[in-house]
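Enquirer: what follows is a predicted protein model with its sequence.
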Amino acid sequence: MREIESFDAIILGAGLSGLSVADSLMELGYQCAIVDAGFPGSGASGAPMMLANPATGRRARRMWRAEDCFDSLLKYLNKIDRITGRRCYSMNGVIRPALTAEIADDFNRSPDKYEWLPGWIEWIDSEKFSEQFPYFNTNFGGLYIPKGITLKGADYCESLVQYLESQNCYTLFGSKPEILKNGNQWIIQIEGDIQLITPIVIDATGYQQAMNENWSFIPLHPIKGQTATLHFDENIPLKHSVSSLGYIAVMPENPYQITVGSTYEHHFRDLKPDQKGLSYLQGKLEKTLPGFWEKSKSVKQWASVRVSVQDKMPVIGEHPELKGLFFIGAMGSKGLMMSRYVADILAQKICNRIPLEPSLSLERFI
Ligand SMILES: Cc1cc2nc3c(=O)[nH]c(=O)nc-3n(C[C@H](O)[C@H](O)[C@H](O)COP(=O)(O)OP(=O)(O)OC[C@H]3O[C@@H](n4cnc5c(N)ncnc54)[C@H](O)[C@@H]3O)c2cc1C
């Protein structure tokens, strides 16, 4: 028998973008469904570890709307903790060691140059830095970003789903949906004779967006990344995560492991982790924390693809011709910090018709 259900909005993709926009819409009273062809976190959002680090790039620039993004993320994390009783993150701060004198110059300038709020960033000079963090391969000092968050991506996605389901969000995972238009309605057809009907579909399918003809006018650029989670027999001395040539993620609750990660492959043939990626990450770790790799007892690899556009800003908005079809994505390497804040902006556009700012809107590509 055919199962038919209607929703105010249906979200395709249960990654950070899709799960965030579902929550934003539900806060505004929308009844939502989330459909994922795989499982929650089966895309880039399922990274074993991720960082929310507001000091970006080689100049440690304050990221776009750092405070707003951070507040939105923290509010969401606290809400989920309360309901699910699971904690998948730690606010253990991020260290940015300056590996060269030139980088040290830029880092040293960052606290004044980018108008950080008090308590967000601290320059530590070379003597103090080497004393506090003797294991880094640098004599040039570094930055400490106390607000930095380390989070287990796959666990976070699972908790988000658990939370959203507790708020009566309908979820369906593991079947690729077919999307059909019928007048003002969209029909999401799923194997096994399930039909979901809605006036609003939100595409949050990550890397798949870059291959979807509907969005071919958005110059989405996919970049593959890999991670290696190293296990040790003894406690590692790091308390904070590290942003240096990619990242080194540390969760204080598990002092026997670190995750080294980087997104760097602009041309790739498949989505699997490989030996080349492992060697690349080993080289990166060696430059920052010499001797760590060889002490590890086992390594687990993971790979995925993130998408971005040239201006490195997220992309949201309604398709110019296909009314009721919305896009959220291109979170780049800042999905954790940006997705919840940007999802609120899209939800306000959908529910209250608040115009999108041009720097986020997909209209900037038309
Ligand atoms: C190695 C690596 C490390 C990273 N580290 C960080 C970090 O430290 N900090 C940070 O902020 N960001 C990091 N990122 C980037 C971050 O992962 C992304 O910005 C973010 O996860 C993108 O989320 P998304 O929801 O847009 O896409 P995704 O997480 O890719 O989600 C897309 C979802 O859509 C589903 N889907 C695909 N096709 C369909 C379909 N036809 N129908 C329904 N569902 C479909 C997929 O199964 C998937 O679950 C990293 C990325 C990588 C690859």
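Expert: Okay, I see it.

Enquirer: tell me which helix or strand comes right after whichever strand or helix holds Leu164.
Expert: Assigning secondary structure by DSSP states H and E places Leu164 in helix 153-166. If you walk from helix 153-166 toward the C-terminus, the next helix or strand you reach (DSSP H and E) is strand 170-173.

Enquirer: ok, and what's touching that next one?
Expert: Counting contacts by Cβ atoms under 8 Å, 6 or more residues apart in numbering, the residues outside strand 170-173 that touch it are 5, 7, 14, 32-36, 38-40, 161, 164-165, 190, 194, 196. For glycine as for every other residue, the C-beta is placed from the backbone atoms N, C-alpha and C.

Enquirer: state the distance from Leu16 to the ligand.
Expert: Look at Leu16 and the ligand: by Cβ to the nearest ligand atom, to the nearest Å, they are 4 Å apart.

Enquirer: touching, that residue and Leu151? I think so.
Expert: No: counting by Cβ atoms under 8 Å, Leu16 does not reach Leu151; the two are 10.2 Å apart.

Enquirer: which neighbours do the two share?
Expert: Leu336.

Enquirer: more neighbours: those two, which one.
Expert: For Leu16 against Leu151, the residue with the higher neighbour count under other Cβ atoms under 10 Å is Leu16, and the figures read 33 against 22.

Enquirer: so what's that one up against?
Expert: When contacts are counted by Cβ under 8 Å, 6+ apart, Leu16 touches Ser45, Tyr156, Cys157, Met331, Gly335, Leu336, Ser339, Arg340.

Enquirer: so who does the second one touch?
Expert: Residues in contact with Tyr156, defined by Cβ under 8 Å, 6+ apart, are Leu16, Gly41, Ser45, Met50, Cys88, Tyr89.

Enquirer: what about 10 Å?
Expert: Applying Cβ atoms under 10 Å, 6 or more residues apart in numbering, one finds that Tyr156 lies in contact with 16, 19, 40-41, 45-47, 50, 76-77, 80, 86, 88-89, 336.

Enquirer: quick one: the helices in the stretch 51-200 of the chain, in order.
Expert: Here the stretch 51-200 of the chain has its helices, by DSSP state H, counting those that start in this stretch, at 66-84, 101-113, 126-132, 153-166.

Enquirer: and the ones you listed, which is most packed in?
Expert: helix 153-166 (a mean of 21; mean count of other Cβ atoms under 10 Å).

Enquirer: what about that one, distance to the chain center?
Expert: Using Cα atoms, centre = their mean, to the nearest Å, we find the averaged C-alpha position of helix 153-166 to lie 14 Å away from the chain's own average C-alpha position.

Enquirer: can it be found next to the ligand?
Expert: No: Helix 153-166 is not in contact with the ligand by Cβ under 6 Å from any ligand atom; minimum separation 6.7 Å.

Enquirer: i'd like the first residue to be 34 from this point on
Expert: All set: I'll call the first residue 34, so the last point we hit is now helix 186-199.

Enquirer: report the inter-axis angle for that helix versus helix 99-117.
Expert: Between the axes of helix 186-199 and helix 99-117, defined by axes from the mean of the first three to the mean of the last three Cα atoms, to 10 degrees, the angle is 70 degrees.

Enquirer: and the residue of the stretch 284-399 of the chain nearest the ligand?
Expert: For the stretch 284-399 of the chain and the ligand, the shortest gap (Cβ to the nearest ligand atom) falls at Gly368, measuring 2.3 Å.

Enquirer: much appreciated, bye for now.
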